[in-house]
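Colleague: Fold the following.
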Amino acid sequence: MLTFLKTINLSPILVGVLLLSGRAKAQSPSIFDLISYQDIIKINLSFDLSSLQENRRDKNAYPGWLQFTNQTGEQQRWQVDMSLRGRFRRQRCQEMPPLTIDFSKKALAKAGLAPFDDMKLVTYCMADDQAAREALIREYITYKLYNQLTEMSFRVQLVKMTIKDTRTGKKTTQMAFLIEDTAQLRARIGAEKMEDFRVRNKIQFQPHALRMTTLFQYMIGNQDWGLTISKNVKYLMRADQVIVVPYDFDFSVLVGASYAMPQEVLEKPLAYGRAYLGFQEDPEDLRVIFNELLRKRKALMEVIRKCKFLKASSKKEMEAYINFFFEHSTDLKFARTL
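Modeller: Okay, here's the model as predicted:
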């Protein structure tokens, strides 16, 4: 991979202090921070999209370029490697499959940026542009909802993306969102990488993160995850405890992607889709987390209402589904069901 073309001038706003493990530590901004400075950012990507789409089963990286304008108005042009990610969406997405954007650590260091060198790119997964756009934004909002509840969550950035296929010259423009590097999440919360893919014993988990993840997944109607097999959750290690962080919410009722939900589910979302998939809990222990969510109820609704990229009907559906959770889950007896 080639290096970044020029040294950039970083905005003083970006050169901040992150709180890691309760202590203030100076931390260089990342490439994700550089892109994340307003609600939506325009980016341009150019690479051999045709080859990537023709070889959906391989793990090949395709060199390309990413361009955007930073907060100070400077044009950024980075050489990157593009590769496919995921399983279901990689094979089933009719349009753009989900991608990973990899940067050169050497180039990042030369530019004075932190060494967090990859970002996940979530794209449309359906041929119906309107339905695909709504599902994508609803999933983006779901990440933002979890951001409201805990710092132990992946940050996301909405983008308007133009992709140029370097083989055909064809350009495609759509909305997408970026997910921060897992290494940056670990740095933000003072956690370490964990190699295990299975954690069976409840006592190994950090209790608050465990219950927050479980109750959030219940709230959004997501059954496409596995706590003990790291399915659509990341394991991080801090203070000898496993912190679990959820991701990939497209199969939740709150997102309602048509490729993930049968039509009868989409027509009756309020009471459907919630199944408690966590460990058996004393309802009073889970009530502590429920009360945290309840205190954030207004903030959660504001995240949905203030999103100017989502249709009014989608906003109403998302609000109604979450409100149903708050109004019909107060006894928390489902925590004893397993």
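
Colleague: CA atoms for contacts and neighbours, from now on please.
Modeller: OK.

Colleague: Tell me the helices and strands packed up against the helix or strand encompassing Val80.
Modeller: Assigning secondary structure by DSSP states H and E places Val80 in strand 75-84. Contact here means 3 or more CA pairs under 8 Å, 6 or more residues apart in numbering; DSSP states H and E; on that basis strand 75-84 packs against strand 62-69, strand 99-102.

Colleague: now the helix or strand following the last one, how far from the centre of its chain.
Modeller: Per DSSP H and E, strand 99-102 leads on to helix 105-110 as the next helix or strand towards the C-terminus. Taking CA atoms, centre = their mean, to the nearest Å, the mean C-alpha location of helix 105-110 is offset from the chain mean by 24 Å.

Colleague: Give me the mean pLDDT for helix 105-110.
Modeller: In this model, helix 105-110 has a mean pLDDT of 97.

Colleague: So what touches the next helix or strand along the chain from it?
Modeller: Downstream of helix 105-110, the next assigned helix or strand under DSSP H and E is strand 118-122. Residues from elsewhere that reach strand 118-122, judged by CA atoms under 8 Å, 6 or more residues apart in numbering: 32, 98-103, 136, 176-181.

Colleague: with those residues in mind, which one is nearest to Ala191?
Modeller: The shortest approach to Ala191 among the contacts of strand 118-122 belongs to Asp181, at 13.4 Å (CA to CA).

Colleague: Return the residues in contact with that closest one.
Modeller: Shown in contact with Asp181 (CA under 8 Å, 6+ apart): 116-120.

Colleague: Just the buried positions in stretch 204-217, please.
Modeller: Neighbour-count burial for stretch 204-217, with 16 or more other CA atoms under 10 Å as criterion, is recorded at 205-217.

Colleague: what do you get for stretch 142-155?
Modeller: By neighbour count, and taking 16+ other CA under 10 Å as the criterion, the buried residues in stretch 142-155 are 142-147, 149, 152-155.

Colleague: gap between the two ends of that stretch?
Modeller: The first residue of stretch 142-155 is 11 Å away from its last residue (CA to CA, to the nearest Å).

Colleague: right, and Lys202 touches Gly278 too?
Modeller: No. Judged on CA atoms under 8 Å, Lys202 makes no contact with Gly278 at a distance of 9.5 Å.

Colleague: Tell me which of those two has more neighbours.
Modeller: For Lys202 and Gly278, the more surrounded residue by other CA atoms under 10 Å is Gly278, and the numbers stand at 21 against 15.

Colleague: circling back: off-centre distance for the strand holding Val80?
Modeller: 19 Å.

Colleague: That one to strand 118-122, inter-axis angle?
Modeller: Following axes from the mean of the first three to the mean of the last three CA atoms, to 10 degrees, one obtains 70 degrees for the angle between strand 75-84 and strand 118-122.

Colleague: give the contact list for the closest residue to Lys231 other than its chain neighbours.
Modeller: If the residues on either side of it in the chain are set aside, Lys231 comes closest to Trp225, at 4.9 Å by CA to CA, 6 or more residues apart in numbering. Going by CA under 8 Å, 6+ apart, Trp225 touches 231-233.

Colleague: mind checking how far stretch 144-158 is from the chain centre?
Modeller: Using CA atoms, centre = their mean, the distance from the centre of stretch 144-158 to the centre of the chain it belongs to is 8 Å.

Colleague: Just the terminal-to-terminal distance for it.
Modeller: 11 Å.

Colleague: Which residue ranges make up the domains of this protein?
Modeller: Structural domains annotated on the chain: 26-184, 190-336, as defined by automatic domain parsing.

Colleague: For Ala61, grab phi and psi.
Modeller: Listed backbone geometry of Ala61 is phi -110, psi 140, with angles given as degrees, to the nearest 10.

Colleague: For the helix or strand encompassing Leu178, buried residues please.
Modeller: Element membership for Leu178, per DSSP H and E: strand 171-179. Going by neighbour count (16+ other CA under 10 Å), the buried part of strand 171-179 is 175-179.

Colleague: C-terminal to it, what's the next element?
Modeller: From strand 171-179 onward toward the C-terminus, using DSSP H and E, the following helix or strand is helix 182-189.

Colleague: The helix or strand following that next one - which strands sit beside it in the sheet, and in what orientation?
Modeller: Secondary structure here is assigned by DSSP H and E; on that basis, the next helix or strand after helix 182-189 toward the C-terminus is strand 192-193. Based on DSSP bridges, the strands next to strand 192-193 in the sheet, each with its direction, are strand 233-238 (antiparallel).

Colleague: Other residues contacting the partner strand?
Modeller: Under the criterion CA under 8 Å, 6+ apart, residues 186, 190-194, 196-197, 225-227, 242-247 lie in contact with strand 233-238.

Colleague: Narrow the residues you listed to those that are buried.
Modeller: Taking 16+ other CA under 10 Å as the criterion, what is buried in the contacts of strand 233-238 is 186, 190-192, 225, 227, 242-247.
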